[in-house]
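In: Below is the sequence, then the predicted model.
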Amino acid sequence: MNTPQPLQETADDGEGSSQRPGTGAAARVSRRWAAASGVVSAGAAVVLGELLAGLLSPSLSPLTAVGGAVIDAVPPGVKDWAISWFGTADKAVFLAGMLLVIAAVGSLAGILEQVRRFAGSAVIAVFGIVGLAAVLTRAQVSPAAVPVPLVAAASGAFLLGMLVRRLREDGIAAATGMEGTASPGRRTFLQILTAGAGATAVGGVIAAVWRGAASGISEAREKLRLPGAASAAPAIPAGAEVGLDGMQPLVTPNRDFYRIDTALIVPSIDPDTWTLRVTGMVEEEIELNLTDLLAKPLTERHVTIACVSNEVGGDLIGNARWLGWPVRELLALARSQDGADMVLSRSSDGWTA
């Protein structure tokens with residue numbers, strides 16, 4: 001009677017299509033380390049993209065470009081549901097969801113890289129292609145923003161390949177029987193993985209702080225000086241109030257005025273380079289900078305503004321004293337053509353209204 005022989009699995013030299021260091025517990029350990037390698041590599045790619053964008057393209061990063069493209073493609077009903085459910089935290093929840101998806105795909109990329117060399121790296125490379133496509137669709141795109149997603153993805157793919165290669169070469173997956181000591185290979189792998197995770201975490205914090213500081217909003221606000229109005233707003237009588245419980249004062253303080261962001265990252269506008277352009281169905285296209293605009297005879301009025309999402313009795317409404325140049329004067333200067341029946345505006349990040 002022939003005695004059945006136990007099944008054995010062998011590993012190739014690392015250049016073939018598969019790597020099976022063992023079975024059972026060893027295989028599960030191997031998959032977990034490979035998945036962790038993928039998460040760290042994908043995270044490193046995202047953070048590097050944010051850092052490079054902060055240096056080369058502060059108004060646009062691969063992460064925000066992809067997020068903006070996804071939001072544009074989402075049906076209006078889904079957007080309305082998200083706003084009603086999460087309120088002003090909808091952007092933060094969306095970004096957190098994006099990072100979770102990236103981590104999940106990174107985990108899958110790590111496992112694929114272990115099964116077939118370059119398969120996981122190809123997944124990371126797709127991240128770069130998707131990021132590039134999204135960047136090219138954004139209104140803030142610039143030549144400096146184009147290479148950022150490609151460089152970030154290439155770096156992530158390189159890190160993933162190095163980690164999984166070390167995982168194979170040093171036999172980490174086969175070390176389940178090692179109880180008291182860690183092999184030099186395991187220590188090296190864990191050192192690289194830990195260093196990558198730590199650098200990703202620190203880089204993420206630096207990117208967030210850097211991009212926040214780069215906006216320069218507070219500094220620009222401090223430097224801005226508004227001229228007096230040619231037509232001042234009527235004075236509000238002392239003690240004038242609506243007189244209803246829960247109502248805000250007649251004039252909402254700036255610190256209490258509601259704010260709704262339409263962009264994932266608030267655009268950074270330099271007052272010194274900002275321009276207002278009037279194009280389309282006009283006899284004369286006009287371009288004004290902030291100095292030109294402030295030199296016009298400005299009108300001051302109390303105006304109430306409410307968000308389209310504000311419910312009856314909601315707090316997304318405020319009344320303030322506004323200073324500006326009437327749009328009718330601007331259109332008169334541009335001389336609108338016959339047949340023009342509306343004014344459309346476009347912000348620096350492509351938002352239209």
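Out: The structure has been received and is ready for your questions.
In: With adjacent residues omitted, what lies nearest to Arg335?
Out: Spatial nearest neighbour of Arg335, excluding adjacent residues (C-beta to C-beta, 6 or more residues apart in numbering): Glu283 at 3.8 Å. C-beta coordinates here come from the backbone N, C-alpha and C atoms, glycine included.
In: residues touching the one you found, list them.
Out: 334-337 (C-beta atoms under 8 Å, 6 or more residues apart in numbering).
In: Please pick the buried ones from those residues.
Out: Ala334 (16 or more other C-beta atoms under 10 Å).
In: What strand or helix carries the spatially most central residue of the chain?
Out: Centroid-nearest residue in the chain, with C-alpha atoms, centre = their mean: Thr64, separated by 2.6 Å. Assigned by DSSP states H and E, Thr64 belongs to helix 62-73.
In: hey, C-alpha coordinates of that helix in CSV?
Out: Once non-C-alpha atoms are left out, helix 62-73 reads as follows in CSV (Å, rounded to 0.1, in the frame of the first residue of the first chain):
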residue,chain,number,x,y,z
PRO,A,62,-4.1,65.1,-6.5
LEU,A,63,-6.3,64.2,-3.5
THR,A,64,-8.5,67.3,-3.8
ALA,A,65,-8.6,67.0,-7.6
VAL,A,66,-9.9,63.4,-7.5
GLY,A,67,-12.3,64.4,-4.7
GLY,A,68,-13.7,67.3,-6.7
ALA,A,69,-14.1,65.1,-9.8
VAL,A,70,-16.0,62.5,-7.7
ILE,A,71,-18.3,65.2,-6.3
ASP,A,72,-19.0,66.5,-9.7
ALA,A,73,-20.1,63.0,-10.9
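In: and the next element down the chain from it?
Out: Immediately after helix 62-73, counting by DSSP H and E, sits helix 76-86.
In: which stretches of the stretch 101-250 of the chain aren't confidently modelled?
Out: By pLDDT under 70, the weakly predicted segments of the stretch 101-250 of the chain are 170-185, 211-217.
In: For it, which segments count as helices?
Out: 119-137, 147-169, 184-215, 217-223 (DSSP state H, counting those that start in this stretch).
In: what does the shortest one contact?
Out: To tie it back to what came earlier, the one meant is helix 217-223. Under C-beta under 8 Å, 6+ apart, the answer for helix 217-223 is 266, 268-271.
In: if we can go back for a sec, would you point out the most distant pair within the contacts of Glu283?
Out: Greatest spatial distance among those (C-beta to C-beta): Ala334 and Gln337, at 9.5 Å.
In: Find residues that contact each of the two.
Out: With C-beta under 8 Å, 6+ apart as the test, Ala334 and Gln337 both reach 282-283.
In: Just the element for Gly54, please.
Out: Gly54 belongs to helix 25-56, assigned by DSSP H and E.
In: I misspoke; the intended subject was Val303.
Out: strand 299-306.
In: which secondary structure elements does that strand contact?
Out: Where contact means 3 or more C-beta pairs under 8 Å, 6 or more residues apart in numbering; DSSP states H and E, strand 299-306 is packed against strand 317-324.
In: Looking at the contacts of Glu283, which are in helices?
Out: Under the assignment DSSP state H, the contacts of Glu283 contribute Ala334 to helices.
In: ok, the contacts of Glu283 vs Leu99, which is closest?
Out: For those, the nearest to Leu99 is Ala334 (44.8 Å; C-beta to C-beta).
In: The nearest residue to that closest one once chain neighbours are set aside: neighbour count?
Out: Of all residues not flanking Ala334 in the chain, Val282 sits nearest, at 4.0 Å (C-beta to C-beta, 6+ apart). By other C-beta atoms under 10 Å, the residues close to Val282 number 16.
In: Got the phi and psi for Val282?
Out: phi -130, psi 150 (degrees, to the nearest 10).
In: The strand holding Val303 vs strand 317-324, what angle?
Out: Angle of strand 299-306 versus strand 317-324, following axes from the mean of the first three to the mean of the last three C-alpha atoms, to 10 degrees, is 150 degrees.
In: Show me which positions of strand 299-306 end up buried.
Out: For strand 299-306, by 16+ other C-beta under 10 Å, it's 299-300.
In: Could you list the domains of this structure?
Out: Using automatic domain parsing, the domain parsing of the chain gives 25-215, 218-353.
In: right, so those: which one is the most enclosed?
Out: domain 25-215 (a mean of 18; mean count of other C-beta atoms under 10 Å).
In: any idea how far Ala152 is from Gly128?
Out: 7 Å (C-beta to C-beta, to the nearest Å).
In: do Ile265 as well
Out: Applying C-beta to C-beta to Ile265 and Gly128 gives a distance of 20 Å.
In: Next, the contact list for Thr273, please.
Out: Contacts of Thr273 by C-beta under 8 Å, 6+ apart: none found.
In: So what does it have for phi and psi?
Out: Residue torsions, per degrees, to the nearest 10, at Thr273 are phi -110, psi 0.
In: just the one 4 residues further on next, same as before
Out: With angles defined as degrees, to the nearest 10, Arg277 sits at phi -120, psi 140.
In: where exactly do the strands run in the stretch 251-353 of the chain?
Out: 275-278, 286-289, 299-306, 317-324 (DSSP state E, counting those that start in this stretch).
In: Strand partners (parallel or antiparallel) of the first one?
Out: Translated: strand 275-278. strand 286-289 (antiparallel) (DSSP bridges).
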